[in-house]
Every structure is written in structure tokens, then in C-alpha cells.
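1. Sequence plus the predicted model coming up.
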Amino acid sequence: MQTLKEDVRQSILRAALREFKSHDYTDASMRRIASEAGITTGNIYRYYKNKEELFEALVKPVYDKLIEYVLNLKKELDRSYTGENHGLKYLNMVEDTVIGLFDAYSAELTILMNRSTGSKYVQVKSDMVKLIATIMEDVFTSGRDNADKLTTQQRQSAQMLAGTVVEGICLILREHEDGETVKRLVNEFIFLYYLGNEHRFTP
């Protein structure tokens, strides 16, 4: 009996992945998910009390990993500042983070970054922009110890560049599912982005 319940739970999660990849959280339907999973609408609530709980079961693991990776990335950069140009190193670390998460949670990452409207995770992109903008500011000033030297223009540039990075990656995830294609496009995006902004990363 326990095995059967777990099979049903996994069927629900697979159906939910397909539903949330096609619809924002607000527009996703528990009725459609239940139908896709081969159970009644009433039965799905025996496993997940509401759409919010089901959505969280899908995206919380990748959300937690995403935040962990970005914070670790920032710690690594905090340790490595020597006054030299770290712009490309930083962007390569962003690339490694995205690819690592995509390898482990391809559908869930796409949903988290592109389909969270209406859920408590709707702020994930703005949170990512803030975190990356903070790291950009550190790059501009060669470390947090020099934060007081940051100009208003540099703060604005950091915010704008961070937003561009996040939106560019979201677009790639939204338009492509093949792992090798995503890896190639993220790599090309990061490299071309760096070339276009190299002067900003040079102390």
C-alpha cells in the first residue's frame, strides 16, 4: 500500500512538472494535474493540500540550491580579491552554477525562474538580481572593503548588468530544453556579455 501511495505521489509530481512548465503558477490547474496523473481531483488533495504545497514540493529543492550556490560564489569572490580583474572569473562561476543546477533540476529550474508568478517564489528573479548586483559592485571596487568608493553610476550599472544576466539566462531556459544546447548558449551568452562589458570589469 505504501508503495502504491508513493507511485501516485510521483505521478502527481510528474504531471505537475508538465503543468507548471506550460502555465504560470497562477494559471496552473490542480484539476488538469490530477487528470494527467490519472487520479480524481479530490484524490490529489490527499497528497497535497493545495497548489501552493505542490508547487513548493517541486521548486523548493532547486531554490535552496540556487541560493546556496550564489552565496558560496560570493564567499569565494570575497576571499579571492587581489585588485586584479575578476570579471570573467565571476561570470564563469555564474555559468557553472546555472549549468550545475540545470543538470540536476532542468525542469524545476525553468519553472522557478520563469513560471513563479503568483507564488511566494515570484521574487526569486529579483532576489537573484540583488545578489548578483552586490557581487558586481564588489568586482567594480575590487572588494567589499572598498564599497564606500562605489559611485552612484557604478551602483546603477551593477543593477542593470545583473538584471541583464538573469533575464538572459531565463530566456535560454525558457526557450530550450536540450541540456547540451542550454550549456552551449549559456557559455556563449556569458562570453559575449563579458566581451561587451570588459571595460566595466577592469579596475
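-> Thanks, I have it.

2. low-scoring pLDDT stretches of this structure, where are they?
-> The chain contains residues with pLDDT under 70 at 1-3, 77-88, 139, 141-148, 194, 196-203.

3. middle-most residue in it, spatially?
-> For the chain, the residue nearest the mean C-alpha position is M113 (5.0 Å; CA atoms, centre = their mean).

4. Which elements pack onto the helix or strand harbouring that residue?
-> For M113, the host element (DSSP states H and E) is helix 87-114. Here helix 87-114 touches helix 2-22, helix 51-80, helix 124-141, helix 152-175, helix 179-201, going by 3 or more CB pairs under 8 Å, 6 or more residues apart in numbering; DSSP states H and E. (Glycine included, C-beta is placed from N, CA and C.)

5. and it, which residues are buried?
-> 87, 90-91, 93-95, 97-98, 101-102, 105-114 (16 or more other CB atoms under 10 Å).

6. Isn't the residue nearest to the centre of the chain up against V124?
-> Yes: counting by CB atoms under 8 Å, V124 is a contact partner of M113 at 6.7 Å.

7. Surely K183 is in contact with I99?
-> Yes: here K183 reaches I99: they are 5.5 Å apart, a contact under CB under 8 Å.

8. Next, count neighbours for K65.
-> 17 (other CB atoms under 10 Å).

9. nearest spatial neighbour of it, skipping sequence neighbours?
-> L101 (6.1 Å; CB to CB, 6 or more residues apart in numbering).

10. Please report how far the one you found lies from L112.
-> As judged by CB to CB, to the nearest Å, L101 and L112 stand 9 Å apart.

11. Tell me the residues that contact both of those two, please.
-> Common neighbours of L101 and L112 (criterion: CB atoms under 8 Å, 6 or more residues apart in numbering): 62, 66.

12. Is it correct that L112 is in contact with V62?
-> Yes: with contact defined as CB under 8 Å, L112 and V62 form a contacting pair (5.6 Å).
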